[in-house]
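J.: Let's see this in three dimensions:
(chains A and B)
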Amino acid sequence: QKEVEQDPGPLSVPEGAIVSLNCTYSNSAFQYFMWYRQYSRKGPELLMYTYSSGNKEDGRFTAQVDKSSKYISLFIRDSQPSDSATYLCAMSAHPTGTASKLTFGTGTRLQVTL
Amino acid sequence: DSGVTQTPKHLITATGQRVTLRCSPRSGDLSVYWYQQSLDQGLQFLIQYYNGEERAKGNILERFSAQQFPDLHSELNLSSLELGDSALYFCASSGTPPGEQYFGPGTRLTVT
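T.: You can find the predicted model right below:
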């Protein structure tokens, strides 16, 4: 079983819809949670960074972490065609800058249609 | 633009050969990370350097090695290349306060 599970999709939604992306994990040592967006053949772009449980909002994006359920979510409001990409969740047990690594989900491919 | 640069963008080489991938971190970032992304394995952590010293190691093959130089740029060396080494190789960097890792555009390696 993988440490981080993520539905690969593809997920197709109409423009303006609310998108919900999710990951589950098994390692209870994970404390730092990130969401990256990756366009085809490009490097991952950091969208959200959260520590421990709780919510964080940034514009149209909201990240939620439920450590008791080992479940994290990313919500995208008013989705746009430009949001079409692969979304990767990532987790770490340590703060970056010391000995650390990110463990990634396999990514969910999102398609926002006109 | 994340501020992390990687060269070359594309590399095509033959089995058994050796290549070097180069990464320059964001200005001021002391940590450099290397990741491999393949279709079947997703993004896999290879190795981390912090201010010239190795800090963390993932499932990096013995045929692969890396180093970080005094000017903080890093190189990933891949030797005795096999077809299965074909992948996207990403470099990321992070600074202080600790937290986010920022990724470069990647190097696409094709082994024929």
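J.: contacting residues around the residue positioned nearest the centre of chain B?
T.: Nearest to the mean C-alpha position of chain B, by CA atoms, centre = their mean, lies B:W34 at 3.4 Å. Shown in contact with B:W34 (CB atoms under 8 Å, 6 or more residues apart in numbering or on different chains): B:23, B:45-48, B:60, B:66, B:74, B:76, B:89-91. In this view, the C-beta of every residue, glycine as well, is placed from N, C-alpha and C.
J.: which residues of the chain fall in strands?
T.: No chain was given, so I picked chain A. Taking DSSP state E as the test, the strands found in chain A are A:4-6, A:11-14, A:19-25, A:32-38, A:45-51, A:54-58, A:61-66, A:71-76, A:85-92, A:103-104, A:108-113.
J.: The chain in question should be chain B.
T.: B:5-7, B:10-13, B:19-24, B:31-38, B:42-50, B:53-57, B:64-68, B:74-78, B:87-94, B:102-103, B:107-111.
J.: would you list the ones you listed in CSV and tack on mean pLDDT and distance to A:P14?
T.: Converted to CSV, these look like this (pLDDT from 0 to 100; distance: least, CB to CB, whole Å):
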stretch, mean pLDDT, distance to A:P14
strand B:5-7, 97, 36
strand B:10-13, 97, 36
strand B:19-24, 98, 39
strand B:31-38, 94, 30
strand B:42-50, 92, 28
strand B:53-57, 91, 42
strand B:64-68, 97, 44
strand B:74-78, 98, 42
strand B:87-94, 95, 31
strand B:102-103, 94, 30
strand B:107-111, 97, 33
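J.: Pipe those into a markdown table and attach distance to A:P44 per row.
T.: As requested, the strands of chain B are arranged in a markdown table below (distance: least, CB to CB, whole Å):
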| stretch | distance to A:P44 |
| --- | --- |
| strand B:5-7 | 13 |
| strand B:10-13 | 18 |
| strand B:19-24 | 14 |
| strand B:31-38 | 9 |
| strand B:42-50 | 7 |
| strand B:53-57 | 18 |
| strand B:64-68 | 19 |
| strand B:74-78 | 17 |
| strand B:87-94 | 7 |
| strand B:102-103 | 5 |
| strand B:107-111 | 14 |
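J.: Tell me which of these sits nearest to A:F104.
T.: strand B:42-50 (4.1 Å; CB to CB).
J.: chain center to the closest one: distance?
T.: 7 Å (CA atoms, centre = their mean, to the nearest Å).
J.: Near chain B, which residues of chain A are found?
T.: A:32, A:34, A:36, A:41-46, A:49, A:88, A:90, A:95-107 (CB under 8 Å from any CB of the partner chain).
J.: which among those residues end up buried?
T.: Neighbour counting by 16 or more other CB atoms under 10 Å in any protein chain shown classes A:32, A:34, A:36, A:43-46, A:49, A:88, A:90, A:95-97, A:100-107 among these as buried.
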